[in-house]
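Q: What follows is a predicted structure for the sequence shown.
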Amino acid sequence: MAERLQAAQVKIDAALHAVQSDQGASPVLVAVVNEFAKKADKAVASSDERMAVIELEQAGDSAKAAAEADSGISRTTQDAVLEAHLAICVAKGKLDL
């Protein structure tokens, strides 16, 4: 699971970079994706994988919704956020709940 979380963190960091670099991104989207990245950092360091993945998935859901609602961002930025969300969904699917 640690490897899956690290792989998801790479996608989340890429999404954060894309959002921060996108002039059309709203401050709300930037804040939500920043929180997603903070949760990823926390998840990678956590000893409770189950809780970490659940919290990270919730943050990912928020980031996905914010990216889909932000009409000012580029398609590339939106795709980066959606890929990050998918990465945590895949990781959760492999978790023994």
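A: All right, it came through fine.

Q: Low-confidence stretches in this protein?
A: Scanning the chain for pLDDT under 70 picks out the ranges 96-97.

Q: For it, which segments count as helices?
A: Along the chain, counting by DSSP state H, helices occupy 2-21, 27-45, 49-69, 75-93.

Q: any chance of the ones you listed in CSV, with mean neighbour count too?
A: To be clear about C-beta, it is placed using only N, CA and C from the backbone, and glycine gets the same treatment. Output for those, formatted as CSV (neighbours: other Cβ atoms under 10 Å):
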stretch, mean neighbour count
helix 2-21, 18
helix 27-45, 18
helix 49-69, 19
helix 75-93, 19
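
Q: tally of neighbours for residue 46?
A: By the measure other Cβ atoms under 10 Å, the count of residues near residue 46 is 17.

Q: shouldn't it be in contact with residue 52?
A: Yes - counting by Cβ atoms under 8 Å, residue 52 is a contact partner of residue 46 at 3.8 Å.

Q: Not including adjacent chain positions, what is the nearest residue to residue 61?
A: residue 85 (7.1 Å; Cβ to Cβ, 6 or more residues apart in numbering).

Q: Could you do residue 95 as well?
A: residue 53 (5.3 Å).

Q: residues in contact with that neighbour?
A: 1, 5, 43, 88, 91-92, 95 (Cβ atoms under 8 Å, 6 or more residues apart in numbering).

Q: cool, and residue 56?
A: So residue 56 contacts 5, 8, 36, 39-40, 42-43, 88, 91 (Cβ under 8 Å, 6+ apart).

Q: One more pass at 10 Å, please.
A: Residues in contact with residue 56 (Cβ atoms under 10 Å, 6 or more residues apart in numbering) are 5, 8-9, 12, 36, 38-44, 46, 87-88, 91-92.

Q: ok, now residue 86?
A: Contacts of residue 86 (Cβ under 10 Å, 6+ apart): 8, 11, 60, 64.
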